[in-house]
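[1] whatever this is, show me its structure:
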Amino acid sequence: MRLIIDTGKGGVGKTSVSVATAKRCADMGYRTIIMSTDAAHSVADSMDIELTGEITNILPNLDALEIDIVHEMKIRWNDIQAYISEFMESQGITGLSAEEMAILPGMELIAALMYVIDFDKHDRYDVVIMDTAPTAETLRLLSFPDVSSWYAEKLFKIMKKMLSIARFTVGKLIDIPLPSAAVLTSIEKLKNLMGEAKGILEDPKKTSVRLVVNPEKMVISETKRAYSYLSLYNKNVECLIINRVYPEGIEGDFFKSKYEEQAKYMEYIHQVFDPMKMLVAYQRPSELVGWDALSNLADDL
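    Got it, this is the predicted structure:
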């Protein structure tokens, strides 16, 4: 399995790049899935189709998934969600509010990583393309196994011992529900899975990151920071995709001015990121929605 993670500043065109790459991989005969981890899903919009929280076949060799965290909580962590909802209700938070608050920060990232583990174990796909939220969220995704494992390792054993005592002492005197053995087992299983995810993310033969950038000052600055962070986390940055570049010879004063401005930043990009592999995708005259437009983008990449 090959995992490709496309990331970059919001608005640079990550989703279009991800979907175009997925379509081309499928056309080449690779079993491919594109998976969106962004809470503001736009993969379905890019393909001009409807998607649900289930894996959906789109074309031959191409599946798609937009992660629905409410659905994932019910099928993966029902014990944990039920306990947190019960705890919230014991504090006076009832109904739908308690269920919503049971969805903890970072659960979308965990769900994405669990899909990756499953795909890797069962050899279900040749290529998994992850369309992520903007840069900061992607860095959280890539560092999450390290962070979660540290907390679990340090706190889980202590919490388990304390709860076994509390259940027979103060647990009978207070109205706050204590987590059951099933809840603790689910948390421990989650900890072990994060160790597997770490192994996949740090294996350069399996995982690579592609940075999507536009030739603009603010975007380049954020991309530089992202590259530094990814290097610190020992992640394999495969290439830089320079998107929405105005082609040479473009006519009109406005477009010529834009081309000259971009040319200056293109030179700067090469100074900063050489000798990294760089791919260039040109600005299109119309929005990238539907397979014809996405296939043209794939030709550039």
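[2] name the element Tyr265 belongs to?
    According to DSSP states H and E, Tyr265 maps onto helix 253-273.
[3] contacts for the helix or strand just after that helix?
    As assigned by DSSP H and E, the chain's next helix or strand after helix 253-273 is strand 277-282. For strand 277-282, contacts defined as CB atoms under 8 Å, 6 or more residues apart in numbering pick out 13, 17, 238-247, 269-270, 297, 300-301. The C-beta positions use only the backbone N, C-alpha and C, and glycine is treated the same way.
[4] now do 6 Å
    Strand 277-282 has contacts (CB atoms under 6 Å, 6 or more residues apart in numbering) with Cys239, Leu240, Ile241, Ile242, Asn243, Val245, Pro247, Leu297, Asp300, Leu301.
[5] burial count for the closest residue to Leu288 other than its chain neighbours?
    Nearest residue to Leu288 in three dimensions, chain neighbours excluded: Ser16, at 4.3 Å (CB to CB, 6 or more residues apart in numbering). Neighbours of Ser16 under the rule other CB atoms under 10 Å: 26.
[6] please read off the pLDDT at Ser16 from the model.
    On pLDDT, Ser16 comes in at 93.
[7] same question for Lys172.
    53.
[8] likewise for the one 5 residues further on?
    According to the model's per-residue confidence, Pro177 sits at a pLDDT of 63.
[9] Phe168 too?
    For Phe168, the predicted pLDDT is 57.
[10] quick one on the thing from earlier: which of the contacts of strand 277-282 are buried? Put it as a PyMOL command.
    Filtering the contacts of strand 277-282 down to the buried ones (16 or more other CB atoms under 10 Å) takes a single PyMOL command:
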select buried, resi 239+240+241+242+243+245+297+300
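[11] I'd like the contacts of strand 277-282 laid out as TSV, including pLDDT and distance to Val70.
    Converted to TSV, the contacts of strand 277-282 look like this (pLDDT from 0 to 100; distance: CB to CB, whole Å):
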residue	pLDDT	distance to Val70
Cys239	96	35
Leu240	97	36
Ile241	97	32
Ile242	97	37
Asn243	96	32
Val245	95	39
Pro247	89	44
Leu297	90	32
Asp300	87	37
Leu301	83	34
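[12] now intersect the contacts of strand 277-282 with the strands, please.
    Cys239, Leu240, Ile241, Ile242, Asn243, Val245 (DSSP state E).
[13] tell me the contacts of the fourth one?
    This means Ile242. By CB under 6 Å, 6+ apart, the neighbours of Ile242 are Val213, Val280.
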